[in-house]
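S.K.: let me see the structure of the following:
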Amino acid sequence: MWRLFFLGLIVWLAIYFFKQYIANIDSQKTNKTETTSHDNIENSQTTEDMVQCATCKVHLPRSEAYLVANNFYCSKTHIKNK
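M.R.: Okay, the predicted model is just below:
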């Protein structure tokens, strides 16, 4: 009877440690993936200058603004209304 109990305990411990080992490997993969994706986000983001529309005073990225006579505008209608 004790042999059966002892064998069950050994099997249970083996399964327990195997599950812990697998969980540790998965968490390391997750941490590595998060770090890699975080690095990619930092590398892909670039800052852009913000400019202000001369008509409505809204701030927008320089790449989306219209430059006319050294003034920035947010839309073509604001250029016409100047």
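S.K.: C-alpha only now, for contacts and for neighbours.
M.R.: Fine.
S.K.: any chance you could list what contacts stretch 52-72?
M.R.: Residues outside stretch 52-72 that contact it (C-alpha atoms under 8 Å, 6 or more residues apart in numbering): 48-51, 73-76, 78-79, 82.
S.K.: one more pass at 6 Å, please.
M.R.: By C-alpha atoms under 6 Å, 6 or more residues apart in numbering, the residues outside stretch 52-72 that reach it are 49-51, 73-74.
S.K.: highest neighbour count among these?
M.R.: residue 73 (27 neighbours; other C-alpha atoms under 10 Å).
S.K.: is that residue bridged to anything, and to what?
M.R.: With DSSP bridges as the criterion, residue 73 is bridged to residue 66.
S.K.: pLDDT score for it?
M.R.: Residue 73 is assigned 93 on the pLDDT scale.
S.K.: can I get the contacts of stretch 52-72 in TSV including distance to residue 31?
M.R.: Shown next, in TSV, are the contacts of stretch 52-72 (distance: C-alpha to C-alpha, whole Å):
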residue	distance to residue 31
49	34
50	35
51	39
73	45
74	42
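S.K.: count of neighbours near residue 58?
M.R.: So residue 58, with other C-alpha under 10 Å, has 12 neighbours.
S.K.: nope, residue 75 is what I meant
M.R.: With other C-alpha under 10 Å as criterion, residue 75 counts 13.
S.K.: and the one 5 residues further on, by the same measure?
M.R.: Taking other C-alpha under 10 Å as the neighbour definition, residue 80 ends up with a count of 8.
S.K.: again, but for residue 79
M.R.: Neighbourhood size, residue 79 [other C-alpha under 10 Å]: 17.
S.K.: output the below-cut-off pLDDT ranges for the chain.
M.R.: Within the chain, the stretches with pLDDT under 70 are 32-45, 82.
S.K.: please redo it, this time with the cut-off set to 90
M.R.: The chain contains residues with pLDDT under 90 at 1-3, 22-48, 76, 78-82.
S.K.: quick one: neighbours of residue 72, just the number.
M.R.: Neighbour count of residue 72, defined by other C-alpha under 10 Å: 22.
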